[in-house]
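Enquirer: show me how the following folds:
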Amino acid sequence: MAYINPSPGVSAKQVTLKLALGSASDFTTSLSVPGLQDVTVDAANDVFTWTQLDNTAKLQVATTSTNRISMNIVLDDATFFGSTINTTDSTTAVAVQGIQGLSRNKTLIKFSLKVLENSSADRYIQGQGYITGIAPKVSADQPVWVSPLTITVTGEYTISATE
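Expert: Residues are numbered from 1 along each chain as shown. Below is the predicted model of the structure:
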């Protein structure tokens, strides 16, 4: 696995996140999210547990998975707020709504998370979901705005070698 931040002087971006409207066929009009600090890809299967009188141990079976991508981002004005302040139209482009608008408007998005950049083995985790969990904060010890951001995935992840 590659490091998020390559060595100084190396221009390759190891981890990138692009967002597009859920109805988009590709990522040509996507919004690239800058300032990623950390990324967690979560795929947690739920488990149904039961006991039987004829067994001394509990029995379990895996059920549906809860998928989400969590991260912290340094806020960028245009990316976070969008190009039109306070738009409530969820059919407009992601760049118009911005991250805050996508969350507020409950807009279904497509995402593409590039997790490895290599000329022979690019890998993308893709899917659809909703942006939740934004909570910008700033403090004297942290003089830039930072926010957690969660993409609650609807359905499955797909892994691809192309975007």
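Enquirer: which helix runs longest in this protein?
Expert: helix 94-104 (DSSP state H).
Enquirer: show residues contacting that one.
Expert: For helix 94-104, contacts defined as C-beta atoms under 8 Å, 6 or more residues apart in numbering pick out 19-21, 29-31, 33, 73, 78-84, 86-90, 105, 107, 109, 130-132, 134, 149. Where you see a C-beta, it was placed from the backbone N, CA and C, and this is true even at glycine.
Enquirer: now do that helix, average pLDDT.
Expert: When the per-residue pLDDT values of helix 94-104 are averaged, the result is 92.
Enquirer: downstream neighbour of that helix in the secondary structure list?
Expert: Read in the C-terminal direction, the helix or strand following helix 94-104 is strand 109-116, with elements assigned using DSSP states H and E.
Enquirer: quick one: strands adjacent to that next one?
Expert: Each strand that pairs with strand 109-116, with its direction, by DSSP bridges: strand 16-21 (antiparallel), strand 123-132 (antiparallel).
Enquirer: name the nearest residue to N72, ignoring sequence neighbours.
Expert: Q37 (4.2 Å; C-beta to C-beta, 6 or more residues apart in numbering).
Enquirer: check the secondary structure at the residue lying farthest from the centre of the chain for me.
Expert: Here the chain has its C-alpha centre computed as a mean, and the residue farthest from that point, by C-alpha atoms, centre = their mean, is D54 with 45.0 Å. The three-state label given to D54 by DSSP: H, G, I helix; E, B strand; the rest coil is coil.
Enquirer: residues contacting it?
Expert: Contacts for D54 were tallied using C-beta under 8 Å, 6+ apart; there are none.
Enquirer: quick one: it from V61, how far?
Expert: For D54, the distance to V61 equals 17 Å [C-beta to C-beta, to the nearest Å].
Enquirer: ok, now how distant is G127 from G155?
Expert: G127 sits 6 Å away from G155 when distances are taken as C-beta to C-beta.
Enquirer: what touches both of the two?
Expert: Contacts common to G127 and G155, judged by C-beta under 8 Å, 6+ apart, are N67.
Enquirer: more neighbours: which of these two?
Expert: Taking neighbours as other C-beta atoms under 10 Å, G127 and G155 compare with G127 leading, 20 against 10.
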